[in-house]
Every structure is written in C-alpha cells, then in structure tokens.
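Engineer: Got a sequence here, can you model it:
(2 chains)
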Amino acid sequence: MMILQSFKMAWKGISGSKIRSFLTMLGIIIGVSSVIALVSVGKGTTSQITSQLEGLGTDLLTVSIMGRGNTTYLTYDEAEALTDLDGVKSVSPVISGSMTAKYGTENTDVSVEGITPAYEDIQDFHVQSGRYILDIDNGYRMKVALIGTETASDLFGTDDPLGQTILLNGSPFKVVGLLESKGTSLTSSNNDKILIPIKTAERVMQSKGVRSMTIQTESPDQVASVKSLIEATLDKKFENADNSYTVFNSQDALDTLNSTTQTLSIALGGIAGISLFVGGIGIMNIMLVSVSERTREIGIRKAIGAKKRNILLQFMIESTLLSGMGGLIGVAIGYGASALVGHYTSMDTSVSLNIVLISFGFSLFIGVVFGVIPANKAAKLRPIYALRTD
Amino acid sequence: MNQTSAQNKDHPLIEVIGLGHGYVMADQTMTVLDDINFRIDYGEFVAIIGPSGSGKSTLMNMLGCLDIANEGTYLLDGQDVKKLSDNKLAKIRNEKIGFIFQQFNLLTKLSAVENVELPLIYRGMSHRERRKNAEESLAKVGLQERMHHRPSELSGGQQQRVAIARAIAGNPPVLLADEPTGALDSKTGVEVMNKMKELNEQGHTIILITHDLSIAEQAKRVIRIQDGKIVEDRGNPA
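Structural biologist: Next up, the predicted model:
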C-alpha cells in the first residue's frame, strides 16, 4: 500500500517538471540506446561473417600449393589420390584463371575454374538448368562449360544460353548448364564464373597440375586429423620445405573471429558502463537539487506525519523511476536505431535480448545506487529546519 | 464531538512542566523558553500570544513535536515525547496534531482533496476510506465544490480552509494553528477565525499562536508569553 503511494508521489514529482526529468533521463537514454545499437550492429556483422564462414563449410579444408623449386603443383592424379586418406570424403581440385568470353559481338572478362564433378557438392553450387560437368568430360577433355547467371546475361541477354557455343580465349566451348544464382561469398563472386572440366582447363589455360583444392572430410570432427594427414603427405612431396603449401580450415578463421568479437564486446561493454555511470551521476545531481528545492515540501510532509522511511522511499523510487524510464526509452531508441541501420546500410543488425535486459537492469541499478545519497539527505532533514526554508 | 470520549480521560490533553529551551550561539547561550508551565484540557480554545522573538514559535514547535525542548517535560495525551524516536514523533504528529500554518503549506502539485488526504496516506488508510474522510473534511470547511482544484487556483482564504480541512481530516485531538490569519486580509481572516470557533464548538481542541491581540481575544483562554516566560494566563478554566 505504502509502496504504491510512494510510486504515485514519485510519479507526481517527475511529471511535475517534465523537461527537467527528460533531461535527467537523457544520460541514461543515450547510454542504453547506444549500447543496444552498437552491440546489435557488432553482433549482426559478426553473425554475417560467421554464417559466411560456416557457409564455407566447417568440414572443409582448403589447400593451396606454392610448391618448392620446380615442383610447383600436384598432378591431377596426386590430388585425386588424397581421397584415399582416412576421413576424406571427397577432393575437389580447382584450376582457376581469368579469360575473355565471347559470344557473337559480346565480350566479357570472366573468372574460369577448371573443376571435377566433386565441386558441385563441396561448394554446394548447382545448375538451375542443363547438366553438370561429368567425369567423362574430364576423360575426353570436352570443351563444355557451365555459365554463371551474370555472365549469361552479359553474353546472351535474355536468350537461353543452353546449347550455344562461346569462345573462351578463342577456343569454342559449348554451354551445357546454367548455374544457379548464388551471390557473393566471402572469397569470391559466384555469378560471373564459368566452370569447365579441369583437364580441359589444363590445356586452355596452359597451366599444368593442381594448385588449389578443397577437401571435404567425412565429418567436421575429423578436420584436424585429416589436416595432419594431408600435411604429412604434402611434406613428403615437397620435402618439408617452408611455405610450400597452406591448409586452411574455416573453423580456424571462426575461432580468430570469435576471440576478436569477444574483445570488442568487452570494450563496448566498458564504454556502455561508463556512459551509464555518467548518466547516473546526472541523476544524482538532479535529485540533490530536487531535494534542496523541495525542502519545504519535505518539511510539510514530515510535519503531518511522514516517517523517515516514507521520504526515503519516495525519493528512491523517484530516482529509480527516472533511470528506469530512461532505460525503457533507451531500449526503444536502441531498437529503432539498429532497425534504421539495418534498413539503410548493408550491415545486418540483430538486437540481443540479453543486452537489452542487461542494459535496462543496469540503468535501474544506477537509479537505486545514485538515488541513495539524495534520498537519504531528504529523509534526514529536520522538519523545523525544512519548514523554515522557502 | 469526537473528543467526547477522550474528555473523560484522567490526564489533561497537554501538560507542560518546567519547559526550557536555548541555543548556543558563538559561546553565548540564548534562552528562548524559560520554565514554562501550563495544562490544556480537551475541548479548550487557547491563544498563545506574544511579540515576535518572545519564543512563541519555539513553543509551538515543541507543542507540535517538531522539536524537543532541552529542559522540562511535555506530556501530550499522557505521553512524554522526550523519550520518543523520530519515527514515533512522526506518528504522534500524524495522529494527535493537526497543523495550520501561516503560509498554508499546501503541496502545490496536489489538488485540494489530495492535500487533505496526505496525512491519511501516512497513516496507512485505504484509498476509499481516505477519500471519504477527505471529502467530509472539505465539506466541513465548505470547499467540497473545489476539491479538485490546485492550491494556485484557490484564493488565500480558500487555501487556508483546505489547510484546516487537512488538519482535521485525521481527527487529531489538538489543532495547532500558527498565525492562521497572518497571510490573509481582515475579511477572510474573520472567516477563518469563525471556522476555527465553529470547530471548537464541535469539540476540537485548538491552540492558536498569534501576535495579534484582536485575534487572541477571540479565544476562550489567552496565554501571554514574553521573553520566553508566561506573563499572563487569562481564562484558565482550572
């Protein structure tokens, strides 16, 4: 009963001077909303990168060969032989280069990758019409090509590219499949690609052997063991030369990213804490002013029977209400700001409920802590002194 | 009316024995009250009169339990207030004393009826009961029509009547009025004094502190105080 009354009194105190109450809350509002907005932008960006890294596949290893001396590559067969290692599901060797594609009078520069059929599953990159590269295409070094959506519209406009013949650096290739639209991944853009059989690529690009490949393990847990097996094999091949190859796993990148994010979050939390602390000092300052201004009110209340704890409660609730309302407004603005950022920029934002609860809880806590001194000052006023004051 | 039962008690409402008070100011002791003795019974209408600086305001603070005297004993309704804690004093002020101040001392942000309810809130009364009591007391001072107005929307006389309603809302045994007409023009002053007399006839005990002889004369008993001492106690029924 008394608590409810104290709430009403505190509310009257706050609503009695709206502009001042708003300005007092402003510190908390800015603190809470900036925490929520900053963290949501940070979190959104992180989850964007994380999902792209995870899209690369946590069961995948990317091997790049720099080689040693004259041995600067693996042969196609050596690459295929890696499939026999324990835990390896499939190997997708890739030869990549840049070529000029021509159809009729249209010219465009494209990135061309020579691939094997394993590419489809490992990269999760399928055709939307036509067929994929088959083993037989590699066996006979067929001049067939899969074409990305962007390249297709560059060369053919709205015409159907299937069955047409394009020239890649002058060699005629038959388009047998149109790739699905995949968008930009972390590593490259996929829609302006042309995929051809790897053996054919060796010829037309005059590039001997395999310098890059993606290896899929049977399960994500086997990544580490497969990695060491591959390293052993490659060490043997390149006689332990330094920097002759790299084996990259997206999990490594994820780990690095996570530790970076964690550091960032702690830094943000620190800034947030400081700004809320400053907001709290603002509340204490105004509450102290308010107590001196309302000395007479306090005196009247005491004269007609308010006990110390009644006054204490009234002022404590007032400061907590101020900071709590500031917190709520801050949460609303934080949500709004992160939605705006998400809408008007390419950044993804995601507001985390945890941060909302923590920052709101902290703002309430600030109100209680910084309300103690002013409320105590009010409660200790002697009624005859308080009544004498104007 | 409500005090009739209390009038049969075996002790007086107020008993002051050897009350003395002083301040220490720069090595000098200023004696404000010196050996004050009097009794006030239930239903009396007493004026305490004295020039400014006579100590009457200090006496009023003592009687109102806003301050505790250095020396002597003050028994309010049979209870020695010297031994009480701050919280107990607050409770006594709430239940036994109705204050009427010269400057009305209404809370400006509250409406008339909310002001009258205030002492009842601190008494812990339920909302409905509180509102009923507050409306009744406002009716007694003839302001039930204006109960939702803020003090700033009322005239000085009306504000003082709200303050009187607040003082009587909790039905305390004694009303303590400090220069209640001091901030009013003579016409509204007369109205307020008539209201006080009316309340006294209804059974409320009233202690009026004033420097104005014409006001004091309207009380049944006049205690004159000068230089911290009682110099006259006229109309004492005892």
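
Engineer: Report the contact partners of residue B:21.
Structural biologist: Applying Cβ atoms under 8 Å, 6 or more residues apart in numbering or on different chains, we find residue B:21 in contact with B:31, B:32, B:33, B:55, B:58, B:62, B:67, B:69, B:70, B:71, B:228. Every residue, glycine included, has its C-beta placed from N, CA and C.

Engineer: and the gap between the fourth one and chain A?
Structural biologist: This points to residue B:55. Separation of residue B:55 from chain A (Cβ to the nearest Cβ, to the nearest Å): 14 Å.

Engineer: Test my guess that that residue contacts residue B:225.
Structural biologist: Yes. Contact criterion Cβ atoms under 8 Å: residue B:55 and residue B:225 qualify, at 6.1 Å.

Engineer: Looking at the contacts of residue B:21, which one is closest to chain A?
Structural biologist: Chain A has its nearest neighbour among the contacts of residue B:21 in residue B:67, at 5.1 Å by Cβ to the nearest Cβ.

Engineer: show me the contacts for the closest one.
Structural biologist: With Cβ under 8 Å, 6+ apart, residue B:67 has these contacts: A:382, A:384, B:21, B:58, B:61.

Engineer: In contact with the spatially most central residue of chain B: list those residues for me.
Structural biologist: Nearest to the mean C-alpha position of chain B, by Cα atoms, centre = their mean, lies residue B:176 at 0.8 Å. Counting by Cβ under 8 Å, 6+ apart, residue B:176 touches B:60, B:63, B:64, B:97, B:98, B:99, B:100, B:207, B:209.

Engineer: ok so it is a strand residue?
Structural biologist: Yes. Residue B:176 sits within a strand when classified using DSSP: H, G, I helix; E, B strand; the rest coil.

Engineer: Secondary structure element holding whichever residue of chain B sits closest to chain A?
Structural biologist: Across chain B, no residue is closer to chain A than residue B:94, which sits at 2.4 Å (Cβ to the nearest Cβ). Residue B:94 belongs to helix B:86-96 when assigned by DSSP states H and E.

Engineer: now residue A:377, nearest residue through space, not along the chain?
Structural biologist: residue A:291 (5.4 Å; Cβ to Cβ, 6 or more residues apart in numbering or on different chains).

Engineer: restrict the contacts of residue B:176 to contacts with chain A.
Structural biologist: With Cβ under 8 Å from any Cβ of the partner chain as the criterion, the contacts of residue B:176 include B:64, B:99 near chain A.

Engineer: Local confidence estimate at the residue in the stretch 1-150 of chain A that chain B sits nearest to?
Structural biologist: Residue of the stretch 1-150 of chain A nearest chain B, by Cβ to the nearest Cβ: residue A:16 (4.8 Å). Predicted confidence (pLDDT) for residue A:16: 82.

Engineer: show me what contacts the nearest residue to it once chain neighbours are set aside?
Structural biologist: By the measure of Cβ to Cβ, 6+ apart, the closest residue to residue A:16 outside its immediate chain neighbours is residue B:109, 4.8 Å from it. By Cβ under 8 Å, 6+ apart, the contact set of residue B:109 is A:12, A:13, A:16, B:150.

Engineer: Please enumerate residues in contact with the helix or strand harbouring the second one?
Structural biologist: Element membership of residue A:13 [criterion: DSSP H and E] is helix A:2-16. Applying Cβ under 8 Å, 6+ apart, the contact partners of helix A:2-16 are A:21, A:290, A:294, A:310, A:313-315, A:317-318, A:321-322, A:325, B:109-110, B:121, B:124.
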